[in-house]
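Trainee: this one's sequence-less:
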C-alpha cells in the first residue's frame, strides 16, 4: 500500500497563482500546475485578475513532503498532510 500526501489549496487565499507561481518554481518534483478558469474567445486572460486561474496538484503522488511550497507561499494558502492509503 502506498500513501500519498494530501495537498489542500485554499482558493480564497490563492487568487492569482499564474501571477505568483512561487510554488511551481520551488517544487523539486513539479507537483503543481496552473489552469485557466476564465477563458474568453479572442481575449487574453489577465494573470493578475483574481479567480482567472486555479492552482492544481495533478502530480501529488510525486510529492516528497519537503514543504518548500509552504515556505514560499506569500499568502499561506497550502497545507500538506499524509493522506489515505492507495492500492498499488
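Mentor: That came through fine. Bear in mind the structure is a predicted one, so any value in this text is a computation, not a measurement.
Trainee: can you tell me how far the residue lying farthest from the centre of the chain sits from residue 8?
Mentor: Going by C-alpha atoms, centre = their mean, the residue of the chain most distant from its centre is residue 42, 27.0 Å out. Applying C-beta to C-beta, to the nearest Å, the value for residue 42 to residue 8 is 35 Å. Just so you know, the C-beta spots here come from the backbone N, C-alpha and C atoms, and that holds for glycine as well.
Trainee: All the strands of this structure, residue numbers only.
Mentor: 2-9, 33-36, 53-56, 78-86 (DSSP state E).
Trainee: Quick one, which of these gets closest to residue 26.
Mentor: Smallest distance to residue 26 across the strands of the chain (C-beta to C-beta): 11.2 Å, for strand 78-86.
Trainee: avg pLDDT for that closest one?
Mentor: Looking at strand 78-86 alone, the average pLDDT works out to 75.
Trainee: same deal with stretch 44-54?
Mentor: Per-residue scores along stretch 44-54 average to 92.
Trainee: For that stretch, buried residues please.
Mentor: By neighbour count on 16 or more other C-beta atoms under 10 Å, the buried set for stretch 44-54 is 52, 53, 54.
Trainee: Stretch 52-70 too?
Mentor: Quick answer for stretch 52-70 (16+ other C-beta under 10 Å): 52, 53, 54, 55, 57, 60, 63, 68, 69, 70.
Trainee: how long is that stretch end to end?
Mentor: Counting by C-alpha to C-alpha, to the nearest Å, you get 22 Å between the two ends of stretch 52-70.
Trainee: can you check stretch 32-39 too?
Mentor: Note: stretch 32-39 ends 20 Å apart using C-alpha to C-alpha.
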